[in-house]
Every structure is written in structure tokens, then in C-alpha cells.
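Asker: Below is the structure, and that's it, no one-letter string:
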């Protein structure tokens, strides 16, 4: 009997969950792009810049790329506490990935991603990690088994 019950649970893992629990479990994921973790050295800064990039791309034709976001909105959208936001913002400002300004009365904080700096940093990371791939000739077919074995990045050992 137990194997059947386990099999049934595996086939329908949401069985027995209330709709409210399913809403929590299947809520939108929070995204942190891997390059941003490497570039900033911080998962919280990576989450913040990844989200800011999404917003910038959605709003690129509005307000010259600037967008307003309250501390509460950041917390609700990406789950960062006030202190995590402040630390992440400081790191992103230091790296030149994010710009800030205060506008209006009462003043509100607006943000803008410096896309040129983002692309420059991504380029630096790409060259440092995978630059050797840019130098390869992909059009030429492998002439021998020796050449084919060099098709892998340095240090990679196929199973």
C-alpha cells in the first residue's frame, strides 16, 4: 500500500494543498542573473540590478529610462529588506551600474540603469571567462581527433 501512496504523491505533488498555499508556492520567482552575482560580488545587489534591468527594458521609452521605486515596492517585488536595499544600492552605485536622483515634492527616489556600464562589465566578464572562445575558428571542420579534443574550454575534461 505504501508504494502506491508514494507513487500517487509523486504524480500529483500539489494534492492536499489549499489554493492559498499554491498561490504562495507558485508565486513569481525572484531572478538574479549569474553575471550580476559575479560582477557585484553580492546576491542582493545582483537581485536588485537584475530587477532594475527588467524595469528599464519595459520602460525604456518612458521618462528617459528613469523609474521610481519605494523601499516598500522593492521589498514586495524582490524581497529585500531596507538594509539589504541600502547595501545593494551602495554597491551598484559604486560600480556605476545604477544611478539615482531625487525628484518632485515631496521628493521621491528615482533610479536608472547605466546600460553602457552594464554592457562593459558583461564584456569584461565574458572575456575573462570565455574570451578564448572568441579566438576559435568555428567554420573550419575538425581535421583530426586531436583537433576535436581541443574543442572544449581549457581545463574541461569530458566524461
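Answerer: Thanks, I have it. Just so you know, these numbers come straight off a predicted model, no measurement behind them.
Asker: where in this structure is pLDDT low?
Answerer: For the chain, the stretches with pLDDT under 70 are 1-11, 13-14, 137-159.
Asker: All the helices of it, in order from the start?
Answerer: Here the chain has its helices, by DSSP state H, at 2-11, 19-25, 34-40, 43-58, 71-78, 82-95, 115-134, 145-149.
Asker: Show me how far stretch 51-61 is from its chain's centre.
Answerer: The chain centroid and the centroid of stretch 51-61 are separated by 13 Å, computed with C-alpha atoms, centre = their mean, to the nearest Å.
Asker: do you know how far the closest residue to residue 77 other than its chain neighbours is from residue 120?
Answerer: Distances taken as C-beta to C-beta, 6 or more residues apart in numbering place residue 51 nearest to residue 77, at 6.5 Å, with adjacent residues excluded. C-beta coordinates here come from the backbone N, C-alpha and C atoms, glycine included. Applying C-beta to C-beta, to the nearest Å, the value for residue 51 to residue 120 is 20 Å.
Asker: Which one's more surrounded, the two?
Answerer: Neighbours per residue (other C-beta atoms under 10 Å) separate residue 51 from residue 120, with residue 51 holding more: 20 against 13.
Asker: before we move on, back to that, save the helices of the chain as JSON lines, and put in distance to residue 105 too.
Answerer: Formatted as JSON lines, the helices of the chain follow (distance: least, C-beta to C-beta, whole Å):
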{"stretch": "helix 2-11", "distance to residue 105": "58"}
{"stretch": "helix 19-25", "distance to residue 105": "38"}
{"stretch": "helix 34-40", "distance to residue 105": "33"}
{"stretch": "helix 43-58", "distance to residue 105": "24"}
{"stretch": "helix 71-78", "distance to residue 105": "19"}
{"stretch": "helix 82-95", "distance to residue 105": "22"}
{"stretch": "helix 115-134", "distance to residue 105": "29"}
{"stretch": "helix 145-149", "distance to residue 105": "67"}
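Asker: which stretch among these comes nearest residue 106?
Answerer: For these, the distance to residue 106 is smallest for helix 71-78, at 14.3 Å, taking C-beta to C-beta.
Asker: For the closest one, enumerate the helices and strands it packs against.
Answerer: Counting contacts by 3 or more C-beta pairs under 8 Å, 6 or more residues apart in numbering; DSSP states H and E, helix 71-78 packs against helix 43-58, helix 82-95.
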